[in-house]
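Student: Provide a 3D model corresponding to the input given below.
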Amino acid sequence: MQANFKVILPLLVTIFIATETQAMRWYSANTGRWLSRGPLGDAVFLTQVLQNSRTADERKDLRLEALAPAYVMVKNDPLSLVDYLGLAVVTKNSDGTFTVKVQTCEFVCVVDHGFASKNSYTFVFPSSSKHPSAAGFAGCYATDVNHAISKLIPGAPSGGEWDGTISPYYDGPTWNAGIKALRDGAVGLAKSSLSSCPCGVTLTFIGAGGQILTQVQVKTASDADKFHIAGD
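Tutor: Residues are numbered from 1 along each chain as shown. Predicted structure coming up:
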């Protein structure tokens, strides 16, 4: 892809790419380098750094995060991790928990460890309700995590063994049924949301340690059937 546009054109081209192919960054295959910054850091800067309620130290840390190199995407490990949109935001907090910023028209399934004393995952959704988004969790103490999700995927496991440590049930009937229900709920939402999301829907699977393992861009109902999580 050539990048020899006039100064005014990159913005227009970026908008076109973002809506048609979901690419968010200019990349040079010849040099193996990004030609422009990705929007992840910029979004952090605009939405968090400029909040006056934060302390000076917090603003300094966030400013450094916002100025991180463009290849911060997929934690600079593109062989193991994926981020189809280039917008996935999974933050590991100081207490070992994770915060996931769910994008518009995205449905996120997480399969990971849970904690008895605190929710291992917190999900943040777009403020606008014009387009759908949702998330669900499977793992120890899934009941607590899922009850705290404001936009929950139908079928996300809760109750019974999911109230506590589920490890004795890995690969057992309870575990397999819960994983399948979470996956099927996400796929069903994706299919029913296509009319509300003209650019398509994203199905995301996050595994242990907040790693994004699978993303499927859904533009037809058959695309959604390609999405799988944790051996469902």
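Student: Show me the strands in the chain, by range?
Tutor: Ranges of strands within the chain are 27-28, 33-34, 89-92, 98-101, 106-111, 121-124, 134-138, 201-207, 211-218, based on DSSP state E.
Student: and the longest one, which residues are buried?
Tutor: Okay, so that is strand 211-218. For strand 211-218, the neighbour count (16 or more other C-beta atoms under 10 Å) marks 211-212, 214-216, 218 as buried. Using the backbone N, CA and C atoms, a C-beta is placed for each residue, glycine as well.
Student: ok, so of those residues, who is nearest Thr99?
Tutor: For the buried residues of strand 211-218, the minimum distance to Thr99 (C-beta to C-beta) is 13.8 Å, reached by Ile212.
Student: returning to what we had before: with distance to Trp162 added, can I get the strands of the chain in a markdown table?
Tutor: Compiled in a markdown table, these are given as follows (distance: least, C-beta to C-beta, whole Å):
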| stretch | distance to Trp162 |
| --- | --- |
| strand 27-28 | 42 |
| strand 33-34 | 41 |
| strand 89-92 | 22 |
| strand 98-101 | 19 |
| strand 106-111 | 12 |
| strand 121-124 | 14 |
| strand 134-138 | 8 |
| strand 201-207 | 18 |
| strand 211-218 | 21 |
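Student: got a markdown table for those strands, with mean pLDDT and distance to Ser193 too?
Tutor: Formatted as a markdown table, the strands of the chain follow (pLDDT from 0 to 100; distance: least, C-beta to C-beta, whole Å):
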| stretch | mean pLDDT | distance to Ser193 |
| --- | --- | --- |
| strand 27-28 | 67 | 29 |
| strand 33-34 | 64 | 31 |
| strand 89-92 | 81 | 20 |
| strand 98-101 | 90 | 18 |
| strand 106-111 | 95 | 8 |
| strand 121-124 | 95 | 17 |
| strand 134-138 | 96 | 9 |
| strand 201-207 | 92 | 5 |
| strand 211-218 | 87 | 9 |
